[in-house]
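J.: Kindly generate the corresponding structure for this input.
(one chain, ligands or ions: 1)
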Amino acid sequence: MFRPSAIPYLLRCGGYESTPGSGYPAQRGTLMDAAFRDLIELRQGDTDGESDAYAELTPLDRQGVLWAVEQAEGLAQGHDIIADEDACTISIPGFERPGTMDAVIPEMAMTLDVKSGRKYDYEGQMAAYALGCMEDRGLDQWAVVVLYMDSEDATFYSFTRQQCVKLIRAAQLNYRSGRREINDFCKWCKRFNECPAVSTNVSSALQTDVLTLIEMRRDPSAISVFLRQMAIAKEIEKRIKADCKADGVEIPGYMQTKDAESVSVSPAALEPYINMIGLENLLPLLKDISGKDAEKLLKEAKVELTETEREALFKKTYRAGSIRPGRAKKS
Ligand code: SF4
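T.: Down below sits the predicted model:
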């Protein structure tokens with residue numbers, strides 16, 4: 001389906017098909033988006049009560065959402081911010097289904113879009129929203145601000161109708177042609193496992209002879225192609241290992257490490273308690289402190305934390321088990 005959110009990917013490859021997000025990053029993103037909408041509406045007095053989505057977030061994610069809300073309020077300069085999902089849904093020329101924005105500030109001719117995760121190029125998707133808004137309000141210029149809640153960073157776009165139509169048309173042409181081209185988003189594409197472009201690229205990388213590889217070091221464009229091919233090969237390796245791990249397949253010459261969880265606390269977060277026991281001079285020398293040592297320190301400082309304070313202080317890190325060269329351990 002040709003949707004605004006698919007434009008950034010379709011501009012790179014006409015065969016791209018998004019994989020429905022059901023894992024932790026997708027759920028977290030949906031929750032953070034919902035919390036953003038709720039907080040905007042609550043703080044403006046459009047609704048009352050509390051935000052269930054916000055309550056479900058970790059302290060760190062709440063901080064990201066609050067940052068985005070404050071940015072939105074700053075950009076609005078006292079004007080109304082529309083965050084209601086229905087009111088933020090618009091029809092866009094060239095698209096079968098309407099698109100839903102995260103928030104709109106009509107008086108500033110501006111759309112806001114919040115994102116969790118890494119920064120990417122979302123220009124095509126934002127152009128679609130901008131075109132819908134310009135069409136709806138009879139304007140010729142529209143701004144979109146993407147607020148990255150994890151990195152607390154923003155990207156500003158300013159569009160004319162012409163620019164939007166150009167970007168959307170380019171994506172549409174690619175989509176209709178189905179022309180496939182290896183790109184950085186391949187690993188998220190639903191077609192990855194069966195894609196002929198993936199097979200062709202990987203076999204071409206694997207068949208490159210050593211002399212060509214040595215020669216290649218003098219040609220930056222050839223290096224770029226080769227590195228992209230190798231990134232695809234690495235993705236295949238990752239998938240094969242994950243499948244073997246999930247199915248418990250033993251691979252001769254390889255061992256499997258177990259999933260592990262560790263807890264640590266940053267010295268900066270412990271600063272008030274370190275000061276309480278008079279060890280502030282040590283602070284600059286400390287790296288992350290293990291959960292166990294932090295417990296000892298808190299005991300020494302005679303501090304009892306509430307559950308929420310503990311949640312904010314202790315950082316949990318999960319390390320997924322992996323398959324690596326070595327002899328399989330006998331169980
Ligand atoms: S896996 Fe194939 S279809 Fe999907 S984005 Fe990559 S090249 Fe395009």
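J.: now the helices for the stretch 201-331 of the chain?
T.: Assigned by DSSP state H, counting those that start in this stretch, the stretch 201-331 of the chain shows helices spanning 210-216, 220-247, 267-276, 291-300, 307-313.
J.: How about the contacts made by T160?
T.: Neighbouring residues of T160 by C-beta atoms under 8 Å, 6 or more residues apart in numbering: 140-141. Just so you know, the C-beta spots here come from the backbone N, C-alpha and C atoms, and that holds for glycine as well.
J.: So what does it look like in phi/psi?
T.: Per-residue torsions, T160: phi -100, psi 170 (degrees, to the nearest 10).
J.: still on that earlier bit, present the helices of the stretch 201-331 of the chain as CSV; the columns should include mean pLDDT and distance to the ligand.
T.: Below are these laid out as CSV (pLDDT from 0 to 100; distance: least, C-beta to the nearest ligand atom, whole Å):
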stretch, mean pLDDT, distance to the ligand
helix 210-216, 83, 22
helix 220-247, 89, 8
helix 267-276, 78, 41
helix 291-300, 86, 41
helix 307-313, 79, 39
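J.: where's E261 relative to K238, distance?
T.: Note on E261: its distance to K238, by C-beta to C-beta, to the nearest Å, is 21 Å.
J.: And those two? Which one has more around it.
T.: Each of E261 and K238 has its neighbours counted (other C-beta atoms under 10 Å); K238 has more, 13 against 9.
J.: What's the separation between that one and L279?
T.: 43 Å.
J.: ok, the residue most central in space within the chain - contacts?
T.: Geometric centre of the chain, nearest residue: G117, 2.3 Å, by C-alpha atoms, centre = their mean. Listed by C-beta under 8 Å, 6+ apart, the contact partners of G117 are 25, 29, 148, 150.
J.: swap the cut-off to 7 Å and go again
T.: Taking C-beta atoms under 7 Å, 6 or more residues apart in numbering, we find G117 in contact with 25, 29, 150.
J.: So for stretch 180-200, mean pLDDT?
T.: Mean pLDDT, stretch 180-200: 92.
J.: Just give me how far it sits from the chain centre.
T.: Offset of stretch 180-200 from its chain centre (C-alpha atoms, centre = their mean, to the nearest Å): 20 Å.
J.: what does it rub up against?
T.: With contact meaning C-beta under 7 Å, 6+ apart, stretch 180-200 is reached by 9, 12-19, 201, 228, 232, 235.
J.: of these, buried ones?
T.: With burial judged by 16 or more other C-beta atoms under 10 Å, the buried subset of the contacts of stretch 180-200 is 9, 12-16, 201, 228, 232.
J.: Okay, and which of those map to strands?
T.: Judged by DSSP state E, strands contain none of the buried ones among the contacts of stretch 180-200.
J.: Any chance of TSV for those residues, columns distance to L66?
T.: Listed next are the buried ones among the contacts of stretch 180-200 as TSV, based on distance: C-beta to C-beta, whole Å:
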residue	distance to L66
Y9	30
R12	34
C13	37
G14	40
G15	40
Y16	34
N201	43
R228	38
I232	39
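J.: from those, which is closest to A53?
T.: Y9 (26.8 Å; C-beta to C-beta).
J.: pLDDT score for V165?
T.: Per-residue pLDDT puts V165 at 96.
J.: What's the local residue count around it?
T.: Residues near V165, counting by other C-beta under 10 Å, number 16.
J.: Can you verify it is assigned to a helix?
T.: Yes: counting by DSSP: H, G, I helix; E, B strand; the rest coil, V165 is located in a helix.
J.: what's the nearest residue to it once chain neighbours are set aside in contact with, if anything?
T.: Leaving aside its chain neighbours, V165 sits nearest to L131 (6.8 Å; criterion: C-beta to C-beta, 6 or more residues apart in numbering). Counting by C-beta under 7 Å, 6+ apart, L131 makes contact with 92-93, 161, 164-165, 168.
J.: so which strand or helix has L131?
T.: Using DSSP states H and E, L131 maps to helix 123-137.
J.: Give me the sheet partners of the next helix or strand along the chain from that helix and which way each runs.
T.: Where DSSP H and E defines the elements, the next helix or strand beyond helix 123-137 is strand 141-148. Using DSSP bridges, the strands paired with strand 141-148 in its sheet are strand 110-115 (parallel), strand 153-160 (antiparallel).
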